[in-house]
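J.: Mind looking at a prediction? Sequence and model below.
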Amino acid sequence: MTRTPYSTVPIAERVTPQSVALRGVVKTYRSGTSATAVLGGITLAFPRRSFTAVMGPSGSGKSTLLHCAAGLERPTSGSVAIDGTELTGLDETALTRFRRDRLGFVFQSYNLLSTLTVRQNITLPAELASRRVTTAAVRDVLARLGLDRHADARPATLSGGQQQRVAIARALLNEPAVIFADEPTGALDSRAAAQVLGLLRDAVDVSGRTVVMVTHDPVAASVADAVVFFADGQVRETLVRPSVEAVAARMATLGVAIGTDGGR
């Protein structure tokens, strides 16, 4: 299957209505009288219908980058736009509504409610938004992710890989413009990780979504169209059509211990 070309032309020329665009994004955390700059003026775009991995050393700012891009944290300065909407201009109510209606989230911790069934977990965001979801749509997404036989199961009865698929089903049911994933395979074995990465790849190639994924795993990153390498709050390099070997080599030059991660 042909992947979407990953453009390297200037951001203003390649931003589309359904891409993520960051312009001059700065994020500073304050503690008492001291301040720590985590993002140092990032200008970056994630093209529509693309799968981008973000990698870097522990504490490099990659998770903060994702959180600012997804509207989970507000940048100290700069702007973020998704799907043609400027997030930094929205109040908290409007921002919450936009995240709920237009974005999907998949994290290392599955964030499933233990008292709800699989079906109830994936339809909960729609119910909170008073949005009707058809039985056919629920059945379709469960079948696509191989969860149809587990629709009435509780999360505790599922494997880690199955729980992560429930989280992806929840994200996909809303037909989001962008899916943000933060270490989605970090707690999975290699087989389950491969299944999850295949589902994220299909979200781009089959469903036309945009996926932005933070990872420390070169194998996971190689599934993406491009890898953005991050260090010291800055984008250092973009690797297009990455291979496992090329990703691992570049990470080594950044001083990253493959297989470990943490921090912002």
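T.: Okay, I see it. Numbers count the residues shown, from 1 in each chain.
J.: Just checking: what are the partner strands of the helix or strand where residue 81 lies?
T.: According to DSSP states H and E, residue 81 maps onto strand 77-82. Strand 77-82 has the following strand partners under DSSP bridges: strand 20-31 (antiparallel), strand 85-86 (antiparallel).
J.: Give me the mean pLDDT for the shortest one.
T.: The predicted model assigns strand 85-86 a mean pLDDT of 93.
J.: Can you tell me what sits against it?
T.: In this structure, residues lying in contact with strand 85-86 by C-beta atoms under 8 Å, 6 or more residues apart in numbering are 79-80, 98, 102. (Glycine included, C-beta is placed from N, CA and C.)
J.: Pull out the buried residues from the strand holding residue 81.
T.: 78, 80-82 (16 or more other C-beta atoms under 10 Å).
J.: Serialize those to a markdown table and add fields for pLDDT and distance to residue 89.
T.: A markdown table is the format used below for these (pLDDT from 0 to 100; distance: C-beta to C-beta, whole Å):
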| residue | pLDDT | distance to residue 89 |
| --- | --- | --- |
| 78 | 96 | 12 |
| 80 | 96 | 10 |
| 81 | 95 | 9 |
| 82 | 94 | 12 |
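J.: out of those residues, which one sits closest to residue 243?
T.: Closest approach to residue 243 among these (C-beta to C-beta): residue 82, at 29.5 Å.
J.: wait, isn't residue 228 in contact with residue 238?
T.: Yes - using C-beta atoms under 8 Å, residue 228 is in contact with residue 238, at 5.3 Å.
J.: and the two? which has more neighbours close in?
T.: residue 228 (24 against 14; other C-beta atoms under 10 Å).
J.: any idea which helix or strand carries the more buried one?
T.: Residue 228 belongs to strand 226-231, assigned by DSSP H and E.
J.: for the stretch 101-250 of the chain, what spans make up the strands?
T.: 103-107, 178-182, 210-214, 226-231, 234-240 (DSSP state E, counting those that start in this stretch).
J.: Residue 151: which of the ones you listed is closest?
T.: Taking the strands of the stretch 101-250 of the chain one by one with C-beta to C-beta, strand 103-107 is closest: 19.4 Å.
J.: residues touching the closest residue in space to residue 107 that isn't next to it in sequence, list them.
T.: Leaving out its chain neighbours, the residue that sits closest to residue 107 by C-beta to C-beta, 6 or more residues apart in numbering is residue 182, at 4.9 Å. Going by C-beta under 8 Å, 6+ apart, residue 182 touches 63, 66, 106-108, 213-214.
J.: I'd like the distance from residue 182 to residue 217, if you could.
T.: 13 Å (C-beta to C-beta, to the nearest Å).
J.: ok so, going back, with distance to residue 43 and mean pLDDT as extra columns, can I get the strands of the stretch 101-250 of the chain in JSON lines?
T.: JSON lines is the format used below for the strands of the stretch 101-250 of the chain (distance: least, C-beta to C-beta, whole Å; pLDDT from 0 to 100):
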{"stretch": "strand 103-107", "distance to residue 43": "21", "mean pLDDT": "91"}
{"stretch": "strand 178-182", "distance to residue 43": "18", "mean pLDDT": "94"}
{"stretch": "strand 210-214", "distance to residue 43": "16", "mean pLDDT": "96"}
{"stretch": "strand 226-231", "distance to residue 43": "12", "mean pLDDT": "93"}
{"stretch": "strand 234-240", "distance to residue 43": "8", "mean pLDDT": "92"}
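J.: Just put the ones you listed in CSV and tack on distance to residue 155.
T.: Shown next, in CSV, are the strands of the stretch 101-250 of the chain (distance: least, C-beta to C-beta, whole Å):
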stretch, distance to residue 155
strand 103-107, 14
strand 178-182, 18
strand 210-214, 22
strand 226-231, 31
strand 234-240, 36
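J.: so which of these comes closest to residue 167?
T.: strand 103-107 (5.1 Å).
J.: what does the closest one rub up against?
T.: By C-beta under 8 Å, 6+ apart, strand 103-107 touches 70-71, 82, 99, 111, 164, 167-168, 170-172, 174, 176-184, 200, 209.
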